[in-house]
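Chemist: Using only what follows, build the 3D model:
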Amino acid sequence: GLSMSYTSFGKPNAPTYTFAQEAIEKQSMGKVDVVYGVGDNPASDIHGANCKDGWESVLLKTGVWDGVSRPEYVPDYVCDDVLEAVEKIIAGDLESCEFEG
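Modeler: I've put the predicted structure just below:
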């Protein structure tokens, strides 16, 4: 068979995160110092956020990760759910959710 080239889009590929950051900065009308990548899948959400400069990753215990084992892609923070992540981000208290593993 022939070799074919392709371009992959979606998480965890960089164009997805670049697009998201540009959209956020357009909405906020300026540069954003930190973007939080919040998700429940280490292989897509956390891996992608970890690869983007200026992003911090927040892994939720509500998805494919069992909440016990060391995930393949290690997050900066772990929260029980989206509500806790948003509340901690707004309060500036994510340090209390640092990943220990």
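Chemist: make it CA atoms for all contacts and neighbour counts henceforth
Modeler: OK.
Chemist: for Ile24, what are its contacts?
Modeler: Val32 (C-alpha atoms under 8 Å, 6 or more residues apart in numbering).
Chemist: Secondary structure element for it, which one?
Modeler: Following DSSP states H and E, one finds Ile24 within helix 14-28.
Chemist: Next secondary structure element downstream of that helix?
Modeler: Next along from helix 14-28, by DSSP H and E: strand 35-39.
Chemist: what lines up beside that following strand in the sheet?
Modeler: Strand 35-39 sits in its sheet next to strand 55-60 (parallel), going by DSSP bridges.
Chemist: Pull out the buried residues from the helix or strand bottoming out on mean pLDDT in the chain.
Modeler: Sorting the helices and strands of the chain by mean pLDDT, DSSP states H and E puts helix 14-28 at the bottom, at a mean of 92. By neighbour count with 16 or more other C-alpha atoms under 10 Å, helix 14-28 contains the buried residues Ala14, Tyr17, Gln21.
Chemist: For the spatially most central residue of the chain, list the residues it contacts.
Modeler: By C-alpha atoms, centre = their mean, the mean C-alpha position of the chain lies nearest to Gly37, the distance being 2.7 Å. Gly37 makes contact with Asp45, Ile46, Ala49, Trp55, Glu56, Ser57, Val58 under the criterion C-alpha under 8 Å, 6+ apart.
Chemist: what do you get for Val38?
Modeler: Asp45, Ile46, Ser57, Val58, Leu59, Leu60, Val82, Ala85.
Chemist: ok, so of these, who is nearest Asp33?
Modeler: Relative to Asp33, the closest of these is Ser57; by C-alpha to C-alpha it sits at 14.0 Å.
Chemist: can you pull the contacts of the closest one?
Modeler: Counting by C-alpha under 8 Å, 6+ apart, Ser57 has contacts Tyr36, Gly37, Val38, Gly39, Asp45, Ile46, Ala49, Asn50, Pro75, Asp76, Tyr77.
Chemist: how much space is there between it and Val64?
Modeler: 16 Å (C-alpha to C-alpha, to the nearest Å).
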